[in-house]
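Enquirer: sequence first, then the predicted structure, then my questions.
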Amino acid sequence: MSLRDVPSSRREALAADAADPLASFRDLFVLDEAGPVYMDGNSLGRQPKATALALSRLLEEWGSELVGGWQHWADLPQRVGDRVGRLVGAAPGQVVVADSTTVNLYKLAAAALDGRPGRDEVVADARDFPTVRYVVQGLASQRGLRVRWLDGPWAEGPSVAGVSGVLSPRTALVCLSGVNFRSGAVADMAGVNRAAHEAGALVVWDLSHAGGAVPVDLDGTGSDLAVGCGYKYLNGGPGAPAWLYVRATLQGELLPPVWGWWGQEGQFEMGPEYRPVAGIGRFLSGTPSLMGLVALDAGIEPLLEAGMEALWHKARRLTLLMAERAEQVLVPLGARLASPARDEERGGHISVAHELAWPATRLLVERGLVVPDFRPPDVLRLAPVPLYTRYVEAWDAVGHLAAVLADEQVRVPVPRSRVT
Ligand SMILES: Cc1ncc(COP(=O)(O)O)c(C=O)c1O
């Protein structure tokens, strides 16, 4: 089915589901057909049915093999990393699974800064996810660096022109997200990489909202360094370990800021001095979380089976459907699309801005209609996931939001919950 030919009625949405080549993947996930429409897979992906089996197999191995299990567990960060690499255009040997996204971002940004001595500026985006901004602020404060903040309308991401405008021979590092967490704006990775490299700087990408959601070609775009979450589109479960990418040709040049024994050459020789391994393994720090790794491995399996091309085709049709329907039924109620207007510039989710976005989010959840999420000051995010979201759910989710925004109850103030 063509990309632009998106359903424009509920009946057409049902027909699109009947013709959807990815429809059977929904059965691979734990879900309640009578439950609300889940639109938060960009925050926590659904649970694959295979995860329970994979975890129980690990429990059996732990029970029977005890410490001997490490003989075949030890390489899992690299093996699962290579599989993640297939989703983000990275040839084997450049991705490992480890730690959290925040910690990996710190490790790679610090390594990049150490790799560009004498330079004292970092480029980052004021609209970026908090952890990206805070890691950059922290490193800048610890090392006496100046941050050149990019800014602009929230519905837009950082542009190549914007980045080029602040690059100089003083720039050590550019640290940006591939897809903006609030608006879903997609960055031009190849263009930013090229501009940064011309200035002699390195680039770290946070691909938490891009990996498994949009086509990413780390090798093809000449990327240096990247990190991403395991629990969003990769379905690794709450608190799943994250991944990190270091371009093969940089691996010998850069040193991690944490010199841990899991990155050590001859780890079990337990020698007196730190001697990092030659490859991506040097960016491991300590003992990997096996439960997390095994669950992440199960989480990415359906993505690898479906293939990013088919997933991206359906994702774009889902967000197009929702953006068009939002224009028709939400804009008349005072909402506006807070994502890029052109669909090729949007990632896997759409954002709707409305002054009552928080109470609307609450009502949708309380009434068991839709699970979206809220991002301050006034944005409600709706993330359909092509592996398990039906076209008719995308249709209904926007309709439910319209009904809630038109309901007097939405005007009753509600305090923000701990997690929004
Ligand atoms: C862009 C981005 N980076 C990082 C994170 C989270 O990092 P961590 O897994 O370390 O909490 C998120 C979570 O939503 C995110 O959206």
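Expert: Perfect, thanks for sending it. Bear in mind the structure is a predicted one, so any value in this text is a computation, not a measurement.
Enquirer: near the ligand, which residues of this structure?
Expert: 100-102, 129, 131-132, 177, 181, 206, 208-209, 229, 242 (C-beta under 6 Å from any ligand atom). Heads up, the C-betas are built off the backbone N, CA and C, glycines and all.
Enquirer: which one of those residues has the most neighbours?
Expert: Asp206 (30 neighbours; other C-beta atoms under 10 Å).
Enquirer: now that residue: closest residue in space, sequence neighbours ignored.
Expert: Leaving aside its sequence neighbours, Asp206 sits nearest to Ser177 (C-beta to C-beta, 6 or more residues apart in numbering; 4.5 Å).
Enquirer: for the one you found, list the residues it contacts.
Expert: By C-beta atoms under 8 Å, 6 or more residues apart in numbering, the contact list for Ser177 reads 125, 128-129, 132, 157, 187, 205-210.
Enquirer: so which one among these has the lowest pLDDT?
Expert: The pLDDT minimum for the contacts of Ser177 sits at Gly157, where the score is 87.
Enquirer: so Asp82 is in which element?
Expert: Under the criterion of DSSP states H and E, Asp82 resides in helix 76-87.
Enquirer: immediately after that helix, which helix or strand?
Expert: Trace forward from helix 76-87 with DSSP H and E and the next one is strand 95-98.
Enquirer: count the neighbours of the closest residue to Val331 other than its chain neighbours for me.
Expert: Nearest non-adjacent residue to Val331, counting by C-beta to C-beta, 6+ apart: Leu337, 7.7 Å away. With neighbours defined by other C-beta under 10 Å, the count for Leu337 comes to 20.
Enquirer: just name the shakiest helix or strand of the protein by mean pLDDT.
Expert: strand 373-375 (a mean of 91; mean pLDDT, DSSP states H and E).
Enquirer: longest helix anywhere in this structure?
Expert: When the chain is parsed with DSSP state H, its longest helix is helix 308-329.
Enquirer: from the ligand, how far out is the nearest residue to Ala353 once chain neighbours are set aside?
Expert: Spatial nearest neighbour of Ala353, chain neighbours left out: Ala338 (3.9 Å); criterion: C-beta to C-beta, 6+ apart. As judged by C-beta to the nearest ligand atom, to the nearest Å, Ala338 and the ligand stand 16 Å apart.
Enquirer: Ala338 and Val410, how far apart?
Expert: Applying C-beta to C-beta, to the nearest Å, the value for Ala338 to Val410 is 18 Å.
Enquirer: contact partners for the residue nearest to Val331?
Expert: 155, 323, 326-327, 331, 350-353.
Enquirer: so what's the backbone phi/psi at it?
Expert: Here is the backbone geometry of Leu337 (degrees, to the nearest 10): phi -70, psi 120.
Enquirer: enumerate every residue touching the closest residue to the ligand within the stretch 151-300 of the chain.
Expert: At 3.6 Å from the ligand, Ser208 is the closest residue in the stretch 151-300 of the chain, using C-beta to the nearest ligand atom. Ser208 is in contact with 101, 129, 177, 181, 227-229, 232, counting by C-beta under 8 Å, 6+ apart.
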